[in-house]
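Enquirer: here's a sequence, model it:
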Amino acid sequence: MKRILVVGGGLIGIRHVKAVQAHPRCALVGLADPDMTIAPDVPRFAAMDEVEDHVDGVIIATPTHLHSVHGSEAAAKGWHMLIEKPVAGTLEDARRLETALGQTNVRSLVGHHRRYHACVQHLKTVLAEGRIGQVVNAALLWCMRKPDAYFEGNWRTAGGSPVMINLVHDIDILRFCIGEIVATSALRGTATRGTDRIESGAVALAFDNGATGTISFADNAPSPWGFEAGTGENPNIGTTGQDMMWITGTKGAISFPSMTLWQGSDWGSPAVTLPLGKVDQDAAPLDAQLDHFIDVMDGAPPLIDVADATRTLGVALDIETQLAGNAPHRQTA
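Expert: The predicted model follows:
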């Protein structure tokens, strides 16, 4: 029975609290957050330093810019950790945390929970088996209209770019399933909400295996295309069941998340669909991630540790930097 402390009482932190409470293999030590009015029905601490009980592992769900500080503090205490994504706010902070972990026997896992979706695991397996041959390119869409209230009276008004909030997940899936991303080129779209915040854009990608890809994104345009809408993973986002990623190879193609496989010979005859079969999701991704965290504490290799997550962060920051430095595209007469 692992004893787990949750640090950070935001929306995702409270979800972690409930997941730990419901899990048969762990017990909740409590919640650490300076706002003592949050979750008064569980043991409360204003900070990690107040915890005197035994702790095996900590789930860090604080704001991104605090991940490195809190992770380093937990490492000094000898607590294994699950850190929410992105792993840190800067590459320097991520590498500082990696160094702190390297000086201890503490094991880390990073909360890119989409790796625990059965359909994502299935996609990775199908590509690795060569069912569509050598991957040639990938096209990904993430387009939704976030409610105006999402940006009112908080840090998102100016700094809520969808790259670090949303696309970092998609970038991680591309890395996980296709390969390392070695180059990016980004174009910024016009803002429509009257601020200088990044709202939309397009990104070209190059993978180390020779494949290329594109991402088109917008948080100001309603559409049925996006990971959350396609998979139904987020109760706050309407489910459409529509595909949002298409991958082609030398022997065929596959669309995701429907996992529709297409194969053919040449353009003289139409490609045909072949049965691929669905895989069952035995546990919700957040619960599967907690299962894995418990195993990681016992020595299992992590699905994504701080070093791996730092590479995802590096790609996202590269894209963010390019978009921030680009003037938004303007329509010409």
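Enquirer: alpha carbons only for contacts and neighbour counts from here, please
Expert: Noted.
Enquirer: same question for the lengthiest helix in the chain, mean pLDDT?
Expert: Assignment by DSSP state H gives helix 306-325 as the longest helix of the chain. Helix 306-325 carries an average pLDDT of 96.
Enquirer: name the residues that touch that helix?
Expert: Helix 306-325 has contacts (C-alpha atoms under 8 Å, 6 or more residues apart in numbering) with 86-88, 90-91, 94-95, 97-98, 108-110, 163-164, 167-168, 171-172, 175, 181, 184-188, 198, 201, 203.
Enquirer: that helix: how far from the chain's middle?
Expert: 12 Å (C-alpha atoms, centre = their mean, to the nearest Å).
Enquirer: then that helix to CSV, C-alphas only?
Expert: This file holds the C-alpha atoms of helix 306-325, laid out as CSV (Å, rounded to 0.1, in the frame of the first residue of the first chain):
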residue,chain,number,x,y,z
VAL,A,306,11.5,13.8,-16.7
ALA,A,307,14.3,13.3,-19.3
ASP,A,308,11.8,12.1,-21.9
ALA,A,309,9.2,14.8,-21.1
THR,A,310,11.9,17.4,-21.4
ARG,A,311,12.3,16.5,-25.1
THR,A,312,8.5,17.0,-25.6
LEU,A,313,8.8,20.3,-23.7
GLY,A,314,11.7,21.4,-26.0
VAL,A,315,9.7,20.9,-29.1
ALA,A,316,6.7,22.8,-27.7
LEU,A,317,8.9,25.7,-26.5
ASP,A,318,10.6,25.9,-29.9
ILE,A,319,7.2,26.2,-31.6
GLU,A,320,6.0,28.7,-29.0
THR,A,321,9.1,30.9,-29.4
GLN,A,322,8.7,30.9,-33.2
LEU,A,323,5.0,31.9,-32.9
ALA,A,324,5.7,34.6,-30.3
GLY,A,325,8.4,36.1,-32.6
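Enquirer: buried stuff in that helix?
Expert: Within helix 306-325, the residues that count as buried by 16 or more other C-alpha atoms under 10 Å are 306-317, 319-320, 322-324.
Enquirer: now, of the contacts of helix 306-325, which are buried?
Expert: By 16+ other C-alpha under 10 Å, those give 86-88, 90, 94-95, 97-98, 108-110, 163-164, 167-168, 171-172, 175, 181, 184, 186-188, 198, 201, 203 as buried.
Enquirer: sorry, back to before: now, the contacts of helix 306-325 that are in strands?
Expert: Taking DSSP state E as the definition of strands, these contribute 108-110, 181, 184-188, 201, 203.
Enquirer: ok, these vs His67, which is closest?
Expert: Val110 (10.7 Å; C-alpha to C-alpha).
Enquirer: run through the bridge partners of that closest one.
Expert: Ile83 (DSSP bridges).
Enquirer: quick one: residues contacting it.
Expert: By C-alpha under 8 Å, 6+ apart, the neighbours of Val110 are 82-87, 304-306, 309.
Enquirer: for Gly9, same thing?
Expert: By C-alpha under 8 Å, 6+ apart, the neighbours of Gly9 are 31-33, 38-39, 61-62.
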